[in-house]
Each structure stands twice: as C-alpha cells, then as structure tokens.
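Asker: Sharing a model that was predicted from the sequence below.
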Amino acid sequence: MDDEDIRPVVWVGDAREQVQSFPKAVRADIGAALYDVQLGEKPPKAKPFKGVASGVLEIVTRFDTDTFRTVYAVKIGRRVYVLHAFQKKSPKGRKTAKLDVEMITRRYKEAVEMEKEQES
C-alpha cells in the first residue's frame, strides 16, 4: 500500500486535544482504529453514530469503568474528519448528551465546508 492510498485525518475543533487528554491505552486504541479508517477499513470498535449524517461513526473505547468516544466522518470527501472526542458522562444510560450531539452536528457542517474549500 502506498502513502497515497492512506486517507489523511483532519481534526475538527479541539478533537485532537481531547484525544490527547485520554489515558495512554485509550489513545492507542483510538489511534489504531483511526489507522484502520485511513486504510479504508471499518474498525471492530466502530459503530454508526445516528442522528447526524450517513458516514458518521464512533469508536467506543472502554477503560477501567469509563467509556471514551471518538466520532468521525468518512463520506464527506477523501479525508477522514474527526469531529469530536469525549468521555461519556451522560446521566441517562446509553444516550449521548444533547450538548455532545449538537457539537458533533455543528462540526460535521464545519467539515463539509472545509472539504468544499479544499476542492476549490
């Protein structure tokens, strides 16, 4: 596989800083999963993130008693857009907090604009 076959990753907002604040084992998991995405594969820990757009997925990583999520988009263009990364703290069980969903939606729109700018 050539370097040209590897899709570049674009970090939107503070997503990269958020991932860097996670425990080392979580960062390693996320890095390996994103590399799979760059190669055009779907990582085993990835699942669709519903409610934003087609091609938006999340990597769910459990560590100790915590859950970390990294949300990315693959259908905007050739690049992989990492939209948001956060530690799950929703008081309502499995449901993602409304503020996180709103941020992901806003950053998805930002990524679409970034892709349009890249094309021109």
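Answerer: Thanks, I have the structure now. In this text, all values refer to a predicted model and were calculated from it rather than measured experimentally.
Asker: all helices for the protein, in order.
Answerer: Secondary structure of the chain (DSSP state H): helices at 15-20, 24-38, 98-119.
Asker: Minimum distance to residue 82: which of those helices has it?
Answerer: For residue 82, the closest of the helices of the chain is helix 15-20, at 4.6 Å, according to C-beta to C-beta. All C-beta spots, glycine's among them, are computed from the backbone N, C-alpha and C.
Asker: Return the set of buried residues in the closest one.
Answerer: For helix 15-20, the neighbour count (16 or more other C-beta atoms under 10 Å) marks 15, 18-19 as buried.
Asker: Could you check how many residues crowd around residue 9?
Answerer: The local packing of residue 9 (other C-beta atoms under 10 Å) involves 17 other residues.
Asker: Also the one 5 residues further on?
Answerer: Residue 14 is surrounded by 14 other residues when neighbours are defined as other C-beta under 10 Å.
Asker: Need the CA coordinates for the lowest-mean-pLDDT helix or strand in the chain. CSV is fine.
Answerer: Across the helices and strands of the chain, mean pLDDT, DSSP states H and E gives its lowest value to helix 98-119, namely a mean of 92. Extracted C-alpha coordinates of helix 98-119, given in CSV (Å, rounded to 0.1, in the frame of the first residue of the first chain):
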residue,chain,number,x,y,z
LYS,A,98,-27.5,16.6,23.9
LEU,A,99,-24.6,19.1,24.0
ASP,A,100,-22.3,16.5,22.5
VAL,A,101,-24.8,15.7,19.7
GLU,A,102,-25.1,19.4,19.0
MET,A,103,-21.3,19.8,18.8
ILE,A,104,-21.0,16.8,16.5
THR,A,105,-23.7,18.2,14.2
ARG,A,106,-22.0,21.6,14.2
ARG,A,107,-18.6,20.2,13.5
TYR,A,108,-20.0,17.9,10.7
LYS,A,109,-21.2,21.1,8.9
GLU,A,110,-17.8,22.7,9.5
ALA,A,111,-16.1,19.6,7.9
VAL,A,112,-18.4,19.8,4.9
GLU,A,113,-17.3,23.5,4.5
MET,A,114,-13.7,22.6,4.9
GLU,A,115,-14.0,19.9,2.2
LYS,A,116,-15.6,22.5,-0.2
GLU,A,117,-12.7,24.9,0.4
GLN,A,118,-10.2,22.0,-0.2
GLU,A,119,-11.8,21.3,-3.5
